[in-house]
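> Got a sequence here, can you model it:
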Amino acid sequence: MSVDTSPRNPTPQYQPILHVALYHPEIPYNTGNIGRSCVAVGAKLWLIEPLGFQINDYYLRRAGLDYWELLEWEIVPSWEALVQKLPAARYWLLTKYGTRHYTEVSYQPGDVLVFGSESSGLPPELVRERADSALRIPMRPEMRSLNLSNTAAILMYEALRQWSVEDTDSLPRMGIR
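Okay, here's the model as predicted:
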């Protein structure tokens with residue numbers, strides 16, 4: 001079965017202030033929850049294939065609730081395709097192997113927050129290639145990882161905190177009423 005990889009809307013409902021990229025996401029609930037958070041902050045969600053679910057998956061839509069229809073999202077076939085679509089963007093890779101704390105960087109509108117798959121994270125070669133942009137969230141050593149949707153929300157809201165976004169009037173407006 002083929003999947004439509006084009007953006008949902010040829011005319012975006014909002015201009016994204018951030019981009020969130022999920023590298024080979026596996027769990028539809030996490031992707032749905034991240035999509036809902038993207039709508040809340042005005043970010044675009046990028047899904048890098050292969051996906052561990054169909055984009056019309058019931059659980060994806062259920063987790064995203066009715067917000068999925070408001071989400072700006074796009075599927076790309078590879079990491080290279082994402083970089084081609086956003087060549088001027090700064091990429092921040094979230095990994096437990098990051099040497100910098102996620103609060104040590106100054107996020108800018110248009111940045112891309114990149115998260116790996118739930119079972120294996122980001123490819124080690126990608127993390128090595130972009131070691132200067134590999135970030136981590138501190139946690140006790142007994143923990144292997146945090147939930148993907150929680151991690152994405154932490155980073156999105158850290159960017160908003162740095163930009164002193166105090167209310168929804170500062171966020172991109174939707175093309176709806």
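
> Checking Leu155 next. Helix, strand or coil?
At Leu155 the chain is in helix, as set by DSSP: H, G, I helix; E, B strand; the rest coil.

> residues near the closest residue to it other than its chain neighbours, how many?
Distances taken as C-beta to C-beta, 6 or more residues apart in numbering put Leu113 closest to Leu155, at 4.9 Å, once the chain neighbours are dropped. For every residue, glycine as well, the C-beta is placed using N, CA and C. The number of residues packed near Leu113 is 27, by other C-beta atoms under 10 Å.

> which secondary structure elements does the helix or strand Leu113 falls within contact?
Assigned by DSSP states H and E, Leu113 belongs to strand 112-115. Using 3 or more C-beta pairs under 8 Å, 6 or more residues apart in numbering; DSSP states H and E, the elements in contact with strand 112-115 are strand 18-23, strand 91-94, helix 148-162.

> Can you redo those as JSON lines, where the extra columns are distance to Gln84?
Compiled in JSON lines, these are given as follows (distance: least, C-beta to C-beta, whole Å):
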{"stretch": "strand 18-23", "distance to Gln84": "13"}
{"stretch": "strand 91-94", "distance to Gln84": "13"}
{"stretch": "helix 148-162", "distance to Gln84": "23"}
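
> who wins for proximity to Tyr29 among these?
helix 148-162 (7.7 Å; C-beta to C-beta).

> Tell me if I'm right that the residue nearest to Leu155 and Met156 touch.
Yes - here Leu113 reaches Met156: they are 6.9 Å apart, a contact under C-beta atoms under 8 Å.

> shared neighbours, the two?
Contact with both Leu113 and Met156 is made by residues 18, 20, according to C-beta atoms under 8 Å, 6 or more residues apart in numbering.

> neighbours around the residue nearest to Ala43 when sequence neighbours are not counted, how many?
The shortest distance from Ala43 to any non-neighbouring residue, by C-beta to C-beta, 6+ apart, is to Leu18 (4.0 Å). Leu18 has 24 neighbours, counted by other C-beta under 10 Å.

> Leu18 reaches Met156, doesn't it?
Yes - Leu18 lies in contact with Met156 (C-beta under 8 Å); the separation is 6.2 Å.

> where do the contact lists of these two overlap?
With C-beta under 8 Å, 6+ apart, Leu18 and Met156 have common neighbours 38, 41, 43, 113.

> Restricting to C-alpha, output the helix or strand containing Gln84 in PDB.
Assigned by DSSP H and E, Gln84 falls within helix 79-85. Backbone C-alpha positions of helix 79-85 (Å, rounded to 0.1, in the frame of the first residue of the first chain) are rendered in PDB as follows:
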ATOM      1  CA  TRP A  79      17.300  12.200   6.300                       C
ATOM      2  CA  GLU A  80      18.900  13.600   3.100                       C
ATOM      3  CA  ALA A  81      15.500  14.600   1.800                       C
ATOM      4  CA  LEU A  82      14.700  16.500   4.900                       C
ATOM      5  CA  VAL A  83      18.000  18.400   4.800                       C
ATOM      6  CA  GLN A  84      17.200  19.200   1.100                       C
ATOM      7  CA  LYS A  85      13.800  20.600   2.100                       C
END
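
> Nothing else from me, thank you.
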